[in-house]
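S.K.: pasting the sequence and the predicted model now:
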Amino acid sequence: MPQNQVMRRGVLRIYLGAAPGVGKTVAMLGEGHRRVERGADVVVGVVETHERRYTSSMVEGFEVIPRREVHHRGATFMEMDVDAIVARAPQIVLVDELAHSNAPGSPRARRYEDIAVLLDAGIDVISTVNIQHVESLNDAVHTITGVRQRETVPDDVVRRADQIELVDMSPESLRRRMAHGNVYPAQKVDAALASYFRPGNLAALRELALLWLADRVDEALERYRADHDIEATWPARERVVVALVDAPEGETVLRRGARIASRGAGGELIVVHIDNPDGLAGPDETQLTRLHRLTEELGGRFHTVTGNDIGAAILSFARRVNASQIVLGASSRGRWARLWSHGVGDTVVAGSQDIDVHLVTHETAERRRRREMTHSEGSLGRVRSGVGWVLAVTGQAVLTVMLSLTRSYHDLPLDMMLYLAVAVATALIGGFGPALVSALLGTLLLNWFFTPPLYTFTVADPLNVFALVVYLMVSCAVASVVHVSARRAGQARVAQHEAASLTRITHAMLSSTAPLPLLLQQCLDMFAMSGGAVVRRRTNEPDVLLATAGEFTLNDVAHAQVSEHIDDDTFLVLTGHDLGISDQSLITAYAANAAAVLTRQRLRAEEAAATSLAQDNRARQALLSAVSHDLRTPLAAVKAAVSSLRSDEVEFGPEDQAELLAAIEESADRLDSLVGNLLDLSRLETGTMRPHCVVFDAAAAAVDVMSQASEPSRLDLWSQGECLAYADPGLFDRVVANLVENALRYTPAESPVLINVATITTPESGTRVMVRVVDNGRGVPRSEHERIFRPFQRHSDVPAGEGVGLGLAVARGLAESMNATVTADDTPGGGLTMTVDLPGAHDLEREGY
């Protein structure tokens, strides 16, 4: 072998799958065949076929390196022979199951360590691994599936692979492949489909695999952009940059950015704090630490950047990390500051180009906005008022100078009209105050400079006195009209803001699962308060907090600045600062919304109580049906046996009499069991019996009874361990018996009926116990799956003597009385599967078991 080939490190290619059975091994073998066709030397180091015919056929045509025997504690294990492969020195070796743990006594503990030896020897390796075996995802997989993977691969091993290819398959296709027996043996299919291979599990594992691989692709993209000095944004995925400056609104902006990043799958949250190195004041380290910790809790990355120009620093960082969106707080600067310079938000928006920018409002900006709105209510605002005051003084002075220089070209009437024009212009711009000053000043200037005798306040002509008075009245009237108009415009703006706020909170509450806290938070944001609550206060009873928002405790109720009645004993209370009279109408509106929410919650509680009563009624109806259905057969058997024994027409021998007496005894035992079940139910309703049972034992009891009426070999009961469920043993016995009886009736005599008991743990519903009664009969059309649970329903051409169609209705009614469900589904390969979904009781104390 040439020296340069010996020194070359091998190339590792990994086929990544979301779950067993997606086709990783087949893809690996297919790639091996393609390499062979291109003239490469390919051998099989180890391939696990799991007795799958197609996979085994794919191995044909390869040279397979014999495995090495490893002896441990009297047992023999077959492991990959790494030394033999190195000695053979092929170009490519196929090694299945990267996460495999070698048997004790092997040279290396893990298979990925064996692969490292092969790579160091210059041999290319093609391997496979499932996403649940990646170390960093172990906890996530356990949360999704409830199964802790014992064999994991360090992330770095998979990351260092030269090529990673995802073998993808939809959950529906994988489940269909399993149902056809292409993944597991037939006896394991039902349990696998009901536990690890549920559609939700497979969808979540598939998403994990896609996202993990997307991260690896993103890392490669970042390296490519850095190597080629590419600064333009490539929106390959949503990457949200939250920009924080030394301001108190950091947590609000950060949480809003996290919500934006979480809207799409694969969104990435990056937080950057901009430190201005002006040497005047450093950042608040306590607040910075809190923001850093919050970023980690929200699943983001925290960075600190130094820059004199904060806006430019944000844009530079966003482009460096290939951000698609920037989130920063809205400006809380005053109007004068905004007139003199652009804020950070304006700078970022102007330079963002292809990056979307979100300006998030917050309490500080809202408080300033409300102060400015309160100040401007009834006026024209600071800017216009300031211009009006300047015009009131300088305008009349400038006009006086101009008229004095052109005295020979005009007389007093024209002078008055010009002074009136200045006063009207001042009223339009500055409002009542500046206009009044302008009118008074204009009157004095007209009298002094232009009314004979000049340069004195004495007026010789009475008509001139009248003209000056009219001028003053007109100026004041115009100023008053403008002032009233401005005040009403301000009130209209406030009313519009209040209406918009109420509309927003109404829409939000309609879709919220927690409307009261949402309403309180909107109320705090609206009035810039620090805390609020809905409090129930009754005489001789302690106060009760129904909902809170912000910083509020029971001790704050007595010191609240706002307390508004919601109903007779419920109040909306707010703390922070006193509110003006103009805010009272909006507070009342919020209280009315809170009253509507409480009323709706009370109605829902009443509806739930009514639903519970209806469920109890259904259970009673099911029990009545069960009594008539289950008592008929043993009573008929007893009556027939007794009638036969008393009959004088037929003489029975000792053996026949013994058989009839045994039938009477058996039927009496069945009646005794049924009466015991009813007594257990009465104790259950009065709370004197704890409704939990070992499901396998209860199911076994039902199967034993049913076996007496059919061939025992037809019933196959098995369980995945001891399963403890929250169910009444007697009622559950009847549920299983009815389902098994139904399955036996519709299953051919040569086909068995499988009763499978398993415990399943999911994050959504916790621990559940699943009991499946599986038959291989002719099945039921999917459109008929719900109809067969109605009373007096018999499917197809069942003989009239085969019951009256109450068995399944009784089973579902009894199950619902135990908060369980009974559903029908198709059996893979034909038939019907009845599934009883019971709440698990693994967390209950198990006295008596």
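M.R.: Happy to help now that I have it. Numbers count the residues shown, from 1 in each chain.

S.K.: show me what the stretch of helix or strand Leu94 belongs to is packed up against.
M.R.: If you go by DSSP states H and E, Leu94 is part of strand 92-95. The contact analysis (3 or more C-beta pairs under 8 Å, 6 or more residues apart in numbering; DSSP states H and E) places strand 92-95 against helix 24-37, strand 42-46, helix 111-120, strand 124-130. C-betas here are computed from N, CA, C, even on glycine.

S.K.: make TSV out of those and add mean neighbour count, distance to Glu659 and mean pLDDT.
M.R.: As requested, the helices and strands packed on strand 92-95 are exported to TSV (neighbours: other C-beta atoms under 10 Å; distance: least, C-beta to C-beta, whole Å; pLDDT from 0 to 100):
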stretch	mean neighbour count	distance to Glu659	mean pLDDT
helix 24-37	18	60	94
strand 42-46	22	63	94
helix 111-120	20	65	93
strand 124-130	25	60	95
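
S.K.: over to stretch 755-775 now: how far is its first residue from its last?
M.R.: The first and last residues of stretch 755-775 sit 9 Å apart, counting by C-alpha to C-alpha, to the nearest Å.

S.K.: for the record, mean pLDDT for the strand or helix carrying Leu520?
M.R.: Leu520 belongs to helix 515-527 when assigned by DSSP H and E. Average pLDDT, helix 515-527: 82.

S.K.: I'd like the next helix or strand past it.
M.R.: Once helix 515-527 ends, the next helix or strand along the chain (criterion: DSSP H and E) is strand 531-536.

S.K.: before we move on, the earlier item: got JSON lines for the helices and strands packed on strand 92-95, with distance to Gly779 too?
M.R.: Formatted as JSON lines, the helices and strands packed on strand 92-95 follow (distance: least, C-beta to C-beta, whole Å):
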{"stretch": "helix 24-37", "distance to Gly779": "31"}
{"stretch": "strand 42-46", "distance to Gly779": "42"}
{"stretch": "helix 111-120", "distance to Gly779": "44"}
{"stretch": "strand 124-130", "distance to Gly779": "33"}
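
S.K.: where does the stretch 351-500 of the chain have low pLDDT?
M.R.: Scanning the stretch 351-500 of the chain for pLDDT under 70 picks out the ranges 362-382, 483, 486-487, 490-491, 494-495, 497-498.

S.K.: if we can go back for a sec, chain center to the strand holding Leu94, what's the gap?
M.R.: Strand 92-95 sits 42 Å away from the centroid of its parent chain (C-alpha atoms, centre = their mean, to the nearest Å).

S.K.: could you point out the helix or strand that follows the host helix or strand of Leu213?
M.R.: According to DSSP H and E, Leu213 maps onto helix 199-227. Counting by DSSP H and E, the next helix or strand C-terminal to helix 199-227 is strand 239-244.

S.K.: for that next one, buried residues please.
M.R.: Residues of strand 239-244 classed as buried under the neighbour-count rule (16 or more other C-beta atoms under 10 Å) are Arg239, Val240, Val241, Val242, Ala243, Leu244.

S.K.: which residues sit against that strand?
M.R.: For strand 239-244, contacts defined as C-beta atoms under 8 Å, 6 or more residues apart in numbering pick out 250, 253-254, 257-258, 260-261, 267-274, 291, 300, 314, 317-318, 321-328, 344, 348.

S.K.: would you turn the buried residues of strand 239-244 into TSV with distance to Val469 and pLDDT?
M.R.: Converted to TSV, those look like this (distance: C-beta to C-beta, whole Å; pLDDT from 0 to 100):
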residue	distance to Val469	pLDDT
Arg239	72	85
Val240	68	90
Val241	67	92
Val242	65	92
Ala243	62	90
Leu244	63	86
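
S.K.: where in the stretch 201-350 of the chain is pLDDT low?
M.R.: 218-219, 221-237, 246-248, 264-266, 276-284, 332-342.
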